[in-house]
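Trainee: let me see the structure of the following:
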Amino acid sequence: MPPRLSLPLLLALALLSSSCGFKHEPLGDLPAFPQTVRDGLNREIHIDTAPKRIVSLDPGMTSALYSIGAGNLAVGGSGQESYPAAAVKLPDMLTGDGEIDIKAVRHATPDIVLVPASLAPTADDANKLQLRVAATVYVVRATTVAGVMDDIASLGLMTDTAERARAVTTRIQSAVDAVTSAVSSQPRP
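Mentor: Numbers count the residues shown, from 1 in each chain. Here you go, the predicted model:
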């Protein structure tokens with residue numbers, strides 16, 4: 001009479017024999033860099049290493065930098081920042097007529113410059129600006145709520161704060177959903 005196998009051993013053999021094969025998966029944390037994101041002009045932006053200095057010429061993205069825990073990287077702003085208090089104190093990187101102060105931006109030695117589409121409306125403009133400031137230029141797409149959330153998610157990837165960026169975008173989406181729900185019974189204007 002053959003030996004009897006115990007129920008737990010039979011279950012373990014059944015599980016092992018039913019697997020589709022061994023798949024190699026990375027163990028532990030994946031490296032944060034390099035990262036690739038798309039900006040508001042649909043340009044691929046490659047970030048090879050963690051940035052140490054960021055100039056933000058868009059007040060909303062400056063605020064987002066602080067919201068996702070990357071405010072310590074901000075070394076220059078637009079001069080239009082109103083929140084948080086630390087952002088208000090950033091050196092202005094725009095001239096009095098609202099143009100980019102190339103000399104000031106270069107002097108700040110940023111790794112990344114966040115630029116509103118009004119200052120770099122085409123990919124060619126953004127590419128030329130990138131050469132002039134000697135830094136990676138990311139053109140923000142902040143014309144819609146979805147665009148703002150995409151920018152914040154990209155900012156999280158570029159600064160290795162993706163988890164906090166996800167939390168911020170989740171809060172934004174929750175607020176949008178609450179407003180949508182609150183007005184859903186109202187007639188459309």
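Trainee: A helix includes T143, no?
Mentor: No. Using DSSP: H, G, I helix; E, B strand; the rest coil, the assignment for T143 is coil, not a helix.
Trainee: ok, A146 - how many residues close by?
Mentor: 13 (other Cβ atoms under 10 Å). The C-beta positions use only the backbone N, C-alpha and C, and glycine is treated the same way.
Trainee: please report how far it lies from I152.
Mentor: Remark: distance between A146 and I152 (Cβ to Cβ, to the nearest Å) = 11 Å.
Trainee: mean pLDDT per helix and strand in this structure: which one sits at the bottom?
Mentor: helix 7-18 (a mean of 42; mean pLDDT, DSSP states H and E).
Trainee: show me how far stretch 105-117 is from its chain's centre.
Mentor: Put simply, stretch 105-117 sits 16 Å off its chain's centre (Cα atoms, centre = their mean, to the nearest Å).
Trainee: so what secondary structure elements neighbour the lengthiest helix in the chain?
Mentor: Counting residues, the longest helix found in the chain (DSSP state H) is helix 162-183. Contacts defined by 3 or more Cβ pairs under 8 Å, 6 or more residues apart in numbering; DSSP states H and E place helix 162-183 against helix 59-67, helix 145-158.
Trainee: ok, and what's touching the longest one?
Mentor: Around helix 145-158, the neighbours that count as contacts under Cβ atoms under 8 Å, 6 or more residues apart in numbering are 35, 37-40, 45, 47, 51, 60-61, 64-65, 67-68, 70, 112, 114, 138, 140-142, 161-166, 168-169, 172-173, 176.
Trainee: then stretch 111-124?
Mentor: By Cβ under 8 Å, 6+ apart, the list of residues contacting stretch 111-124 reads 40-43, 47, 51-58, 61-62, 65, 99-100, 105, 126, 129-130, 133, 135-143, 155, 158.
Trainee: so of these, which ones are in helices?
Mentor: Per DSSP H, the subset of the contacts of stretch 111-124 in helices is M61, T62, L65, V105, A126, L129, Q130, V133, L155, M158.
Trainee: columns neighbour count on top of those residues, output as JSON lines?
Mentor: Shown next, in JSON lines, are those (neighbours: other Cβ atoms under 10 Å):
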{"residue": "M61", "neighbour count": "25"}
{"residue": "T62", "neighbour count": "28"}
{"residue": "L65", "neighbour count": "25"}
{"residue": "V105", "neighbour count": "25"}
{"residue": "A126", "neighbour count": "22"}
{"residue": "L129", "neighbour count": "19"}
{"residue": "Q130", "neighbour count": "18"}
{"residue": "V133", "neighbour count": "22"}
{"residue": "L155", "neighbour count": "27"}
{"residue": "M158", "neighbour count": "27"}
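Trainee: closest to V88 among these?
Mentor: Looking at the ones in helices among the contacts of stretch 111-124 and their distance to V88, the nearest is T62, at 9.5 Å (Cβ to Cβ).
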